[in-house]
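**Student:** Please find the sequence and the predicted model below.
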Amino acid sequence: MTNIPADRPGAICSLEELERRLAAAPAFRAAHRRPFIVLSYAQSVDGSIAGRNRERIQLSSPESMRITHGIRSLCGAILVGIGTVLADDPRLTACDGAGRQPQPVVLDTHLRTPPAARLVQRPDARPWLIHRHPLPDARTRALRAAGATPMACAAGPDGRIDLAALMGLLCANRVDSLMVEGGARVITSFLRCRLADLLVVTVSPRFVGGLAVLDAGQFEGGLGIHLEEAVYRQAGPDLIVWARPEWGPR
Ligand SMILES: NC(=O)c1ccc[n+]([C@@H]2O[C@H](COP(=O)([O-])OP(=O)(O)OC[C@H]3O[C@@H](n4cnc5c(N)ncnc54)[C@H](OP(=O)(O)O)[C@@H]3O)[C@@H](O)[C@H]2O)c1
C-alpha cells in the first residue's frame, strides 16, 4: 500500500487508527452530544457516486471495499437516505454479515421503505427508519411487522429530518459512532450542517458523468470546507483519501 505523503502525526489514515480513535467515542458523545461521524463513500475521479439516473455503479475495488467494510464494523451505526434504499436495496452489513454489525439507520421522511427491502428482511437487525411525525399508523405497523423499527423525529424547515434532532435521537439510543454512506442528498446535508469528523473517500480511476456527490440544490454558493491532515493511500487501483474537515467561517 502506497502512502502519499508520509503519515502525518495525529491523522487518522488506517482502520487501526480509527479503531483507537473510536475507543474514545463514548467520551466524544458525552462532550459533543452527538456521535463521532465518519462520512465515507466512493466516487469516480469526476465526482460521480452513481449513474446518471441514480443507478448503482460498483466503484470500489475489492481492496477499497475491504476498508469500507472495516469502517462499517468499527462504527456503532450506519446511515443512508431513502434514495439509496430505493436505488440500491442495500443490506448495510459489514463483511457480508460476519462479525460485529452496525445498527442500520435510514433517513426516511415519509416511510417509503418497502417492507420487502433487504435491509428490513435481515434476520440479525431491525433497521431504524427515521421519519417525521405524524404518519399513518397502518404504514408504521406494516413496517414494524416486516422487521423495521420506525422512529419519529422532528423535521427541519425543508420538511426533511432535522439533523440536529437526529443527533439527539442517536445520543438517546447510545450511538457513539456513526458512519454516513450516502447518497448525494444525505452527504450534502451532513456537510452543510458541519456534521463530519472524518472523511474517508474512495476515488475510483474512471470517469462516469453520473450523479454528482454534492446536491447543489441544497446550498447556495460554495461549502468552503478545507481538508486537514489529509493522507492519500492506494488500495488496489483506487485512491483512498483520509482527512479531517476544517470548516471555514459561516
Ligand atoms: N458511491 C457511493 O459510495 C454511494 C453510497 C450511497 C449511495 N450512493 C448512490 O446515491 C444515490 C442516492 O442518492 P440520493 O441523493 O438520490 O438519495 P439519498 O441521499 O440516499 O436519500 C435522500 C433522501 O433522504 C431523505 N432525507 C430525510 N432527511 C434528510 C436530510 N436531512 N437530508 C437529506 N436527505 C434526507 C429524503 O427523502 P424524502 O424526499 O422522502 O424526504 C431525501 O430525498 C443512489 O444512486 C446510490 O447508488 C452511492
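**Tutor:** Structure's in. What do you need?
**Student:** Report pLDDT for L223.
**Tutor:** pLDDT for L223: 84.
**Student:** residues contacting it?
**Tutor:** Each residue near L223 by C-beta atoms under 8 Å, 6 or more residues apart in numbering is listed here: L191, R192, L214. Where you see a C-beta, it was placed from the backbone N, CA and C, and this is true even at glycine.
**Student:** Distance of the second one relative to L166?
**Tutor:** I take that to be R192. Distance, R192 to L166, by C-beta to C-beta, to the nearest Å: 14 Å.
**Student:** try the first one
**Tutor:** Here L191 is placed at a distance of 15 Å from L166 (C-beta to C-beta).
**Student:** So the longest helix along the chain, near the ligand or not?
**Tutor:** Using DSSP state H to define each element, the chain has its longest helix at helix 62-74. No: using C-beta under 6 Å from any ligand atom, helix 62-74 never reaches the ligand; the gap is at least 8.0 Å.
**Student:** what helices or strands is that helix leaning on?
**Tutor:** On a contact count with 3 or more C-beta pairs under 8 Å, 6 or more residues apart in numbering; DSSP states H and E, helix 62-74 meets helix 15-22, strand 36-44, strand 177-182, strand 198-204, strand 225-235, strand 238-247.
**Student:** For stretch 88-95, buried residues please.
**Tutor:** By neighbour count on 16 or more other C-beta atoms under 10 Å, the buried set for stretch 88-95 is D88, P90, R91, L92, T93, A94.
**Student:** Then stretch 201-213?
**Tutor:** Judged by neighbour count using 16+ other C-beta under 10 Å, the buried positions of stretch 201-213 are V201, T202, V203, S204, V208, G210, L211, A212, V213.
**Student:** Could you list which of these also contact the ligand?
**Tutor:** Among the buried residues of stretch 201-213, the residues within reach of the ligand (C-beta under 6 Å from any ligand atom) are L211.
**Student:** Using a markdown table, please lay out the buried residues of stretch 201-213 together with distance to A172 and pLDDT.
**Tutor:** Formatted as a markdown table, the buried residues of stretch 201-213 follow (distance: C-beta to C-beta, whole Å; pLDDT from 0 to 100):
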| residue | distance to A172 | pLDDT |
| --- | --- | --- |
| V201 | 30 | 98 |
| T202 | 32 | 98 |
| V203 | 36 | 98 |
| S204 | 37 | 98 |
| V208 | 39 | 98 |
| G210 | 37 | 97 |
| L211 | 33 | 97 |
| A212 | 34 | 97 |
| V213 | 30 | 97 |
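**Student:** Which member of the buried residues of stretch 201-213 is positioned nearest the ligand?
**Tutor:** L211 (5.6 Å; C-beta to the nearest ligand atom).
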